[in-house]
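Peer 1: Sequence first, predicted coordinates after that:
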Amino acid sequence: MTAVSNHPDQASPDALAQAWRHVLSRADAGGRAWLRSSHPLTVHESTVMIAVPNEFTRERIETRLRSDIESVLSDFFHRSMRLAITIEPDLELNNPELSLGPAEQPAEPEVAPTELIRRPDAPVSPLRPDGTTPVVQPPQAPTPGDRTLEDRLNPKYTFDNFVIGSSNRFAHAAAVAVAEAPGKAYNPLMIYGESGLGKTHLLHALGHYVRDYYQNVKVKYVSTEELTNDFINAISENRTNEFRRTYRDVDVLLIDDIQFLESKIQTQEEFFHTFNTLHNAQKQIVMTSDRPPKALEALEPRLRSRFEWGLITDIQPPDLETRIAILKRKASAERLLVPPDVLEFIASRIQKNIRELEGALLRVTAFASLNRQDVDMSLAEVVLKDLIPVDGEAEVNVTMIISETAAYFGIEVDDLIGTSRTQTLVTARQIAMYLCRELTDLSLPKIGHEFGGKDHTTVMHADRKIRQLMRERRSVYNQVTELTNRIKNTRG
Ligand SMILES: Nc1ncnc2c1ncn2[C@@H]1O[C@H](COP(=O)(O)OP(=O)(O)OP(=O)(O)O)[C@@H](O)[C@H]1O
């Protein structure tokens with residue numbers, strides 16, 4: 001085990017284990033009996049997360065032991081600490097004797113305290129406290145009622161495809177805990193972090209998992225732009241009741257990029273009521289943001305304080321090992337043959353954004369495929385030398401991408417974002433959309449909006465198409481590379 005994580009507020013696994021031994025040594029016999037089936041997962045800022053085998057144990061620890069444990073932990077870490085408890089059924093499977101406390105076996109078998117019904121074929125918990133890769137579950141055929149959700153969630157963003165490292169372990173554990181007990185574990189759950197670090201991935205994974213885990217669950221995923229647009233349309237078309245029904249008649253509401261709610265007073269007001277309704281009914285709300293709630297200054301204080309009710313967790317940039325593991329996973333998912341030294345080289349060049357990391361892997365493998373060459377170090381060096389790294393100081397924005405792309409192809413901006421289907425315009429438009437995906441942190445709907453109000457599926461299609469063409473057509477590869485460098489050079 002590595003001794004210290006790369007997050008300044010995270011304690012080392014050794015310190016955590018020691019703290020937990022301390023808790024056990026302070027507990028009386030009854031408390032110890034409940035705690036022996038638990039194990040500590042992680043400590044992050046002022047929260048220690050532990051895993052227990054079932055809801056019953058969680059409830060007992062919550063009601064009887066929480067405050068004592070928190071005070072022992074606070075003494076140990078010399079700061080005020082909170083306890084967070086997640087359920088990990090594997091613990092019970094591995095050792096059934098440990099699952100319940102001594103004299104408190106419930107008379108009846110445990111009933112899930114929500115009205116949600118677990119599927120008989122529900123997936124095994126993907127939580128692996130030691131950070132190893134979870135077992136990949138065979139994909140399940142969606143049942144008819146799931147179709148709408150399926151369409152909105154990216155099938156590639158699952159817990160199985162999410163590589164766990166010290167930078168995201170806590171966020172992952174929290175997302176799994178919520179997915180397994182929506183409305184019970186932490187409500188709301190807020191995941192924040194810089195662009196391209198996996199927030200959307202976790203949000204979609206949570207949605208997939210809830211759907212696979214419970215048979216009668218309603219999950220709604222929406223970006224904050226969509227929420228805002230829906231609301232504006234509902235007002236202008238006198239359909240606010242319908243809007244309310246759509247957003248309130250759900251068990252789990254997943255909202256991406258909640259920072260875009262800032263300064264939108266009326267939508268905030270409406271969302272405040274939606275939030276209250278869902279929360280009062282113990283319906284789960286999960287949000288992502290680029291900042292923690294306290295830094296969302298243009299948000300109404302009452303909304304900000306509600307965002308702080310549940311669990312707030314961040315995702316940090318991944319360390320080198322995690323970056324290599326992500327590239328390895330990506331290469332194997334796409335059946336790309338990339339030697340380990342090349343993966344390490346790419347991972348050492350691109351450090352802060354996983355989307356860029358994936359972009360670099362694509363460039364290297366597309367270049368090799370165009371030249372009918374194997375991927376090796378000398379090829380990777382040539383390709384990545386041409387790629388100017390993004391230093392994060394001056395951001396690329398959509399306007400830059402659109403105007404540079406139009407200039408590059410010698411066409412008008414209006415045509416680029418218009419609807420004409422001539423081949424040159426279609427390719428130029430798709431390249432510009434692809435670059436918006438790669439170089440900015442905008443969501444699919446937002447990019448669609450910038451291209452004259454196109455649907456998010458059009459943007460998704462463009463992104464896929466250009467990735468494929470880069471592998472197959474040298475001209476497209478060269479255009480994308482040249483254009484990327486021009487755009488990066490115009491920053492600042
Ligand atoms: N831990 C991880 N394991 C595997 N892939 C990851 C991981 N984290 C991020 N990714 C991949 O990196 C890309 C960017 O992630 P994602 O879109 O979730 O970032 P984000 O934090 O939501 O960024 P933004 O704020 O810009 O929307 C996605 O393709 C995602 O699958």
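Peer 2: Noted; the coordinates are in hand.

Peer 1: For the stretch 251-400 of the chain, what lies in contact range of the ligand?
Peer 2: Taking Cβ under 6 Å from any ligand atom as the criterion, the stretch 251-400 of the chain approaches the ligand at residues Asp290, Ile326, Ile354, Arg355, Glu358. C-beta here means a position set from N, CA and C on the backbone, and glycine is covered the same way.

Peer 1: residue contacts, the fourth one?
Peer 2: Arg355 makes contact with Ser195, Gly196, Arg437, Glu438 under the criterion Cβ atoms under 8 Å, 6 or more residues apart in numbering.

Peer 1: Which of those fall within helices?
Peer 2: Arg437, Glu438 (DSSP state H).

Peer 1: Of the contacts of Arg355, which is the nearest to the ligand?
Peer 2: Ser195 (3.5 Å; Cβ to the nearest ligand atom).

Peer 1: hang on, the earlier thing: contacts with the ligand among the contacts of Arg355, please.
Peer 2: Among those, the ones lying close to the ligand by the criterion of Cβ under 6 Å from any ligand atom are Ser195, Gly196.

Peer 1: where's Leu254, which helix or strand?
Peer 2: Using DSSP states H and E, Leu254 maps to strand 252-256.

Peer 1: gap between stretch 337-356 and the chain center?
Peer 2: 20 Å (Cα atoms, centre = their mean, to the nearest Å).

Peer 1: buried sites along it?
Peer 2: 338, 342-347, 349-350, 352-356 (16 or more other Cβ atoms under 10 Å).

Peer 1: And for stretch 411-419?
Peer 2: Buried, per 16+ other Cβ under 10 Å, within stretch 411-419: Ile411, Asp415, Leu416, Ile417.

Peer 1: which non-adjacent residue is nearest the residue in the stretch 251-400 of the chain that the ligand sits nearest to?
Peer 2: Using Cβ to the nearest ligand atom, the closest approach of the stretch 251-400 of the chain to the ligand is made by Ile354 at 3.5 Å. Take Ile354 and drop its neighbours on the chain: the residue closest to it by Cβ to Cβ, 6 or more residues apart in numbering is Gly196, 5.2 Å away.

Peer 1: which ones are touching the one you found?
Peer 2: Residues in contact with Gly196, defined by Cβ under 8 Å, 6+ apart, are Lys352, Asn353, Ile354, Arg355, Glu356, Asp441.

Peer 1: Narrow those residues to those in helices?
Peer 2: Per DSSP H, the contacts of Gly196 map to helices at Ile354, Arg355, Glu356.

Peer 1: Just confirm the first one contacts Leu197, I think it does.
Peer 2: Yes - with contact defined as Cβ atoms under 8 Å, Ile354 reaches Leu197; the gap is 6.1 Å.

Peer 1: can you list residues touching both of those two?
Peer 2: Common neighbours of Ile354 and Leu197 (Cβ under 8 Å, 6+ apart) are Pro318.

Peer 1: before we move on, back to that, from the contacts of Arg355, which single one is nearest Arg363?
Peer 2: Closest approach to Arg363 among the contacts of Arg355 (Cβ to Cβ): Glu438, at 10.0 Å.

Peer 1: who's in contact with the closest one?
Peer 2: Arg355, Glu356, Gly359, Thr484.

Peer 1: hmm, 7 Å instead?
Peer 2: Taking Cβ atoms under 7 Å, 6 or more residues apart in numbering, we find Glu438 in contact with Arg355, Gly359.

Peer 1: got it, and Tyr213?
Peer 2: Arg118, Arg119, Ala122, Pro123, Ala179, Glu180.

Peer 1: Would you mind stating the distance between it and Leu153?
Peer 2: 14 Å (Cβ to Cβ, to the nearest Å).

Peer 1: got it, and Met400?
Peer 2: Distance from Met400 to Leu153, by Cβ to Cβ: 30 Å.

Peer 1: ok, Gln351 touching Pro318?
Peer 2: No - at 8.3 Å, Gln351 does not count as touching Pro318 under the criterion of Cβ atoms under 7 Å.

Peer 1: got a pLDDT number for Cys98?
Peer 2: No Cys there; residue 98 is Leu. For Leu98, the pLDDT comes out at 34.

Peer 1: just how off-centre is the helix or strand where Leu24 lies within its chain?
Peer 2: According to DSSP H and E, Leu24 maps onto helix 13-26. Mean-position distance between helix 13-26 and its chain equals 30 Å (Cα atoms, centre = their mean).

Peer 1: And it, what does it pack against?
Peer 2: Counting contacts by 3 or more Cβ pairs under 7 Å, 6 or more residues apart in numbering; DSSP states H and E, helix 13-26 is packed against strand 39-44, helix 66-77.

Peer 1: Swap in 8 Å and give it another go.
Peer 2: helix 29-35, strand 39-44, strand 47-52, helix 66-77 (3 or more Cβ pairs under 8 Å, 6 or more residues apart in numbering; DSSP states H and E).

Peer 1: in its sheet, what does the third one sit against?
Peer 2: Strand 47-52 has the following sheet partners, assigned by DSSP bridges: strand 39-44 (antiparallel), strand 82-87 (parallel).

Peer 1: for the last one, which positions count as buried?
Peer 2: Meaning strand 82-87. Neighbour-count burial for strand 82-87 flags Leu83, Ala84, Ile85, Thr86, Ile87 (criterion: 16+ other Cβ under 10 Å).

Peer 1: cool, and stretch 277-295?
Peer 2: For stretch 277-295, using 16+ other Cβ under 10 Å, the buried residues are Leu278, His279, Lys283, Gln284, Ile285, Val286, Met287, Thr288, Ser289, Asp290, Pro292, Pro293.

Peer 1: who are the neighbours in contact with the residue in the stretch 51-200 of the chain that the ligand sits nearest to?
Peer 2: Residue of the stretch 51-200 of the chain nearest the ligand, by Cβ to the nearest ligand atom: Gly198 (2.6 Å). Residues in contact with Gly198 (Cβ under 8 Å, 6+ apart) are Phe162, Asn168, Ala171, Ile315, Ile354.

Peer 1: picking that back up, which of the helices and strands packed on helix 13-26 has the lowest mean pLDDT?
Peer 2: helix 29-35 (a mean of 73).

Peer 1: Check the offset of the helix or strand hosting Arg58 from the chain's centre.
Peer 2: Here Arg58 is covered by helix 55-60, with elements defined by DSSP H and E. Centroid separation for helix 55-60 versus its chain: 27 Å, with Cα atoms, centre = their mean.

Peer 1: Could you list every helix and strand that that helix packs against?
Peer 2: strand 82-87.

Peer 1: for Tyr477, helix, strand, or coil?
Peer 2: helix (DSSP: H, G, I helix; E, B strand; the rest coil).

Peer 1: correct me, but it touches Ile466?
Peer 2: No - counting by Cβ under 8 Å, Tyr477 does not reach Ile466; the two are 9.8 Å apart.

Peer 1: Roughly how far does Met470 sit from Leu362?
Peer 2: Taking Cβ to Cβ as the measure, Met470 falls 7 Å from Leu362.

Peer 1: who has more neighbours, these two?
Peer 2: Shown here are Met470 and Leu362; by other Cβ atoms under 10 Å, Met470 has more neighbours (24 against 20).

Peer 1: what residues are up against that one?
Peer 2: Contacts of Met470 (Cβ under 8 Å, 6+ apart): Leu362, Arg363, Ala366, Val476, Tyr477, Val480.

Peer 1: among the residues you listed, who's most crowded?
Peer 2: Ala366 (24 neighbours).

Peer 1: burial of Ala27, as a residue count?
Peer 2: Neighbour count for Ala27, taken as other Cβ under 10 Å: 18.
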